[in-house]
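[1] I need the structure of the sequence given here:
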Amino acid sequence: MICNQRNQRFCENAFRVTFFGAGHIGQGSQPAFAQASIVLVRNDSGADRQRFEVLGVDGPVIDPSYNEEEFKNRMALACVSPATDTHEGRFVVLAEPIASGKIGRAFTAGVCAVKLNVVDETEEPRFAEIAGSTTANLEVNRRGSAGILWRVGGTGVQWAVVRLGKPIPLHVFPVTLSQTGGSQGDESYPASWTYEVYDVETGESLESGVDPTASPHKWKRPSIGQMIAATFGYAHYEDDGSGGEQLVLGWINEMVDQEACETSGSGSGG
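    Residues are numbered from 1 along each chain as shown. Okay, the predicted model is just below:
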């Protein structure tokens with residue numbers, strides 16, 4: 001929640017107390033911070049939160065439009081329970097317990113411990129992101145904004161070490177293709193090959209009956225002519241608009257079938 005005239009006094013007073021223990025709820029070992037960036041955060045989630053829980057960033061505690069000097073000099077973030085489609089890449093991991101409405105410290109970048117939910121181990125998890133409205137842990141995500149450096153292993157909620165920072169750029173990966181339908185095209189019609197798409201490393205089938213020219217795929221074919229079916233390509237995952245992910249083929253090695261030309265003048269009389 002952003003400060004306004006009613007709670008400005010609270011915000012300014014909160015900064016003037018020594019924050020060691022100011023928002024503390026219980027005792028515990030003091031964390032080492034040399035490996036990560038730490039900011040002050042206010043717990044606006046409506047409940048007491050424990051060390052290593054996850055909160056989404058709602059905005060600065062002090063609104064610069066109300067008090068620009070306080071905004072510049074006393075930076076802190078108001079944090080709430082995370083929300084899907086709002087706090088991806090915009091979250092903190094608490095560095096200490098913080099009571100509801102109090103100010104404490106949180107990791108915003110660098111290496112820190114956090115709990116992680118692993119649903120499927122078919123593909124080794126590489127990235128993590130908020131787990132919906134859950135504050136207790138992050139979850140594995142193909143395009144998450146936290147890189148997984150280490151985890152306990154197996155599935156379920158487990159301890160992990162992650163690197164917080166900028167959102168991970170789009171992850172493009174190689175795939176193998178097996179032609180399953182369609183035709184090669186001819187001088188009047190384009191090819192219409194469809195494919196089974198497999199993970200290069202595991203051989204797992206990722207999707208079947210894929211038309212690489214149909215949305216959301218990006219491949220473009222000549223408008224006419226015979227094409228040799230593809231065996232390899234590159235793909236990525238993107239949001240399908242309904243909270244899930246969809247496979248997108250970006251490039252495949254289909255090739256124009258260039259038959260050898262007949263020898264000029266062959267079969268002609270002398």
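
[2] name the residues of stretch 114-134 that are buried.
    Across stretch 114-134, burial judged by 16 or more other C-beta atoms under 10 Å covers 114-118, 125, 127-131, 134. For every residue, glycine as well, the C-beta is placed using N, CA and C.

[3] next: stretch 81-96.
    For stretch 81-96, the neighbour count (16+ other C-beta under 10 Å) marks 81-82, 87-96 as buried.

[4] just stretch 97-115 next, same as before
    97-99, 101-108, 111-112, 114-115.

[5] farthest pair in those?
    101 and 111 (29.0 Å; C-beta to C-beta).

[6] end-to-end on stretch 82-91?
    7 Å (C-alpha to C-alpha, to the nearest Å).

[7] average pLDDT for stretch 182-198?
    Across stretch 182-198, pLDDT averages out at 94.

[8] so what's the spatially closest residue to residue 236 that is not a sequence neighbour up against?
    Spatially, and ignoring its direct neighbours in sequence, residue 236 is nearest to residue 172 (4.8 Å; C-beta to C-beta, 6 or more residues apart in numbering). For residue 172, the contacting residues are 234-236, 250, by C-beta atoms under 8 Å, 6 or more residues apart in numbering.

[9] what about residue 59, distance to residue 199?
    41 Å (C-beta to C-beta, to the nearest Å).

[10] nearest to residue 181 among the contacts of residue 172?
    For these, the residue nearest residue 181 by C-beta to C-beta is residue 235; the value is 18.6 Å.

[11] isn't there a strand covering the closest one?
    Yes. Membership of residue 235 in a strand is supported by DSSP: H, G, I helix; E, B strand; the rest coil.

[12] residue 224 touches residue 187, doesn't it?
    Yes. The pair residue 224 / residue 187 is scored as a contact, 6.1 Å apart, by C-beta atoms under 8 Å.

[13] between these two, who's got more neighbours?
    residue 224 (12 against 7; other C-beta atoms under 10 Å).

[14] how confident was the prediction at that one?
    If you check residue 224, the pLDDT there is 88.

[15] please, which helix or strand holds it?
    Secondary structure assignment for residue 224, by DSSP states H and E: no helix or strand.

[16] contacting residues for it?
    Counted by C-beta under 8 Å, 6+ apart, residue 224 has contacts 185-190.

[17] now the two most distant members of the residues you listed.
    Farthest apart among the contacts of residue 224 by C-beta to C-beta are 187 and 190. That separation is 10.6 Å.

[18] what's the overlap in contacts for those two?
    With contacts defined as C-beta under 8 Å, 6+ apart, the residues shared by residue 187 and residue 190 are 224-225.

[19] so the protein: which segments form each domain?
    Domains of the chain are assigned by automatic domain parsing as 8-164, 173-256.

[20] among these, which is the most enclosed?
    Among the domains of the chain, domain 8-164 has the highest mean neighbour count (mean count of other C-beta atoms under 10 Å), at a mean of 17.
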